[in-house]
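Student: Provided below are the primary sequence and the corresponding predicted coordinates.
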Amino acid sequence: MISDPVLDAMEKALRASARKVFAVNELLLFLAAQAEALHCTARPTVLMDRLVEAGLVTELSLKSPDYPPIRRYAVGDPSPFELAQSLRGGAYLSHASAVSLLGLNDQIPKTLYGNKEQSPKPVPTTPLSQERLDRAFRGSPRRSNYFYRHAEYHFVLLSGKNTQDFGVEAMTGPHGEPLRVTNLERTLLDIAVRPIYAGGVYQVLEAYRTAADRLSVSGLLEALKKLDYVYPYHQVLGFYLEKAGLPAEKTKPFRDLGLEWDFYLTHGLRDFEHVPSWRLYVPRGF
């Protein structure tokens with residue numbers, strides 16, 4: 001039998017923790033450490049069951065149409081950002097989630113993005129050609145079908161390019177929760193490369209305009225160099241910076257990287273126009 005004072009002490013420790021969402025093994029490790037400090041001999045699994053029975057911890061089951069459910073344990077009303085981050089070990093928040101957390105728009109996101117990087121892959125050796133580029137971008141963009149739902153939230157799990165978590169920083173979330181989030185420049189690059197995960201190109205432009213006074217051009221160039229894309233995304237970055245109102249000296253480093261190809265602002269454009277100054281196809285009237 002577990003005494004009420006032990007449960008009270010466990011609840012107090014959980015509520016004092018900045019972290020409010022746990023995987024099963026994480027919660028068991030937490031409870032084992034607390035039990036040792038309290039000289040309690042009850043097994044962590046028994047403690048976990050009693051906390052759930054008492055309503056001090058809530059078991060959550062996130063459902064996916066294509067993947068097995070994910071079980072998490074929450075203390076109080078968990079932050080959707082922390083819940084999104086918890087779904088894969090080592091994941092960080094990116095794209096529209098980072099846009100929101102960095103204050104680049106005023107939207108309350110219902111779709112959240114957690115990125116767990118892939119293992120390193122060989123560098124592509126096929127040379128870029130205009131035909132290859134056209135074929136890739138005139139079709140629809142690839143979209144992750146690895147997603148879960150809980151309450152009104154939609155959690156998308158991304159498997160991003162290996163960067164050794166470049167540009168990922170610790171942040172305290174809106175509910176005081178510990179988060180790992182892409183920084184400003186990494187976020188601006190990510191959403192330019194995959195606008196579909198940021199609400200589309202108009203939302204990307206809004207983020208660039210909001211960030212115009214605080215972004216670092218050198219930081220953006222560093223992120224671009226680190227991610228080392230085959231496609232000429234520097235043309236997209238320069239275009240967004242120009243549209244956001246940055247002066248020519250701020251966009252020049254991107255222009256200096258070359259304008260060798262006719263590129264695309266996003267995949268699947270149907271009604272578009274060409275911007276000669278950046279050799280870029282964009283939505284008509286954009």
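Tutor: Great, that's in hand. Numbers count the residues shown, from 1 in each chain.

Student: name the helix or strand for the residue lying closest to residue 279 once chain neighbours are set aside, please.
Tutor: Counting by C-beta to C-beta, 6 or more residues apart in numbering, residue 279 lies nearest to residue 259, which is 4.7 Å off, once chain neighbours are set aside. C-beta here means a position set from N, CA and C on the backbone, and glycine is covered the same way. Under the criterion DSSP states H and E, no helix or strand holds residue 259.

Student: kindly report the same for residue 208.
Tutor: helix 201-211.

Student: so how far is residue 192 from the residue nearest to residue 279?
Tutor: Between residue 259 and residue 192 the distance is 16 Å, computed by C-beta to C-beta, to the nearest Å.

Student: more crowded one of these two?
Tutor: residue 192 (25 against 18; other C-beta atoms under 10 Å).

Student: does the residue nearest to residue 279 touch residue 278 like I think?
Tutor: Yes. Assessed by C-beta atoms under 8 Å, residue 259 is found in contact with residue 278 at 6.9 Å.

Student: which pLDDT value belongs to residue 2?
Tutor: At residue 2, the model reports a pLDDT of 58.

Student: what does residue 125 give?
Tutor: Per-residue confidence (pLDDT) for residue 125: 82.

Student: run a quick neighbour tally on it.
Tutor: Neighbours of residue 125 using other C-beta under 10 Å come to 5.

Student: give me the element it is part of.
Tutor: Going by DSSP H and E, residue 125 is not in any helix or strand.

Student: any idea how far it lies from residue 137?
Tutor: 21 Å.

Student: show me where the stretch 151-286 of the chain has its helices.
Tutor: Listed in chain order, the helices of the stretch 151-286 of the chain (DSSP state H, counting those that start in this stretch) span residues 184-193, 201-211, 217-227, 233-243, 248-255.
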